[in-house]
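Student: curious how this folds, go ahead:
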Amino acid sequence: MEDFGLREMQEMQRRLQQQYQEIWEPLSPRTARNQMLWMMVELGEAADIIKKEGDQRIAHDADIRAHFVEELADALMYYNDIMLCYDISVDELKKSYLEKHQRNMHRWQPHREEAAK
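Tutor: Numbering: from 1, shown residues only. Prediction:
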């Protein structure tokens, strides 16, 4: 399967928003709050599956795994909507992600060095 990236996801969300523009509120900074809340609900549903079914069933039971992945996909759809609401580009997110990754790569280094003593 080929890579499935944020640009493709955002384009899909734009098309979905266009299709339902007459019944959904338009994407804007104001609606980002609702999108954030809905994303949190979806993540809560994924967490609920972890709590009720356990890690091993998610890893090995096809039906439970599919349900878990679907909830993650729902959350990711709202995540992309939030980016669209604030007009956050994939390039802007990538820059921030890479910077944060670099900080994280060194963040706990002093703790590792201390533990090694």
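Student: counting neighbours, what do you get for Ile88?
Tutor: Look at Ile88: counted by other CB atoms under 10 Å, it has 15 neighbours. Placement of C-beta: from N, CA and C, glycine included.
Student: residues contacting the residue positioned nearest the centre of the chain?
Tutor: In the chain, the residue lying closest to the centroid (CA atoms, centre = their mean) is Leu76, at 3.7 Å. Contacts of Leu76 were listed using CB atoms under 8 Å, 6 or more residues apart in numbering, and they are Met9.
Student: tell me the pLDDT of it.
Tutor: On pLDDT, Leu76 comes in at 96.
Student: would you mind measuring from it to Asp55?
Tutor: 20 Å (CB to CB, to the nearest Å).
Student: okay, buried residues for stretch 68-87 please.
Tutor: Buried residues in stretch 68-87, counted by 16 or more other CB atoms under 10 Å: 68, 71, 74-85.
Student: secondary structure element for the residue nearest to the centre of the chain?
Tutor: In the assignment (DSSP states H and E), Leu76 maps to helix 62-85.
Student: next structured bit after that helix?
Tutor: Downstream of helix 62-85, the next assigned helix or strand under DSSP H and E is helix 90-107.
Student: and that next one, what's buried?
Tutor: Val90.
Student: and the angle from that helix to helix 62-85?
Tutor: Helix 90-107 runs at 110 degrees relative to helix 62-85, counting by axes from the mean of the first three to the mean of the last three CA atoms, to 10 degrees.
Student: packing partners for helix 90-107?
Tutor: Helix 90-107 sits against helix 6-19, with contacts defined as 3 or more CB pairs under 8 Å, 6 or more residues apart in numbering; DSSP states H and E.
Student: next, the angle helix 62-85 makes with the helix it packs on.
Tutor: Going by the same axes, to 10 degrees, helix 6-19 makes 80 degrees with helix 62-85.
Student: and helix 6-19, what's buried?
Tutor: For helix 6-19, by 16+ other CB under 10 Å, it's Leu6, Met9, Gln10, Gln13.
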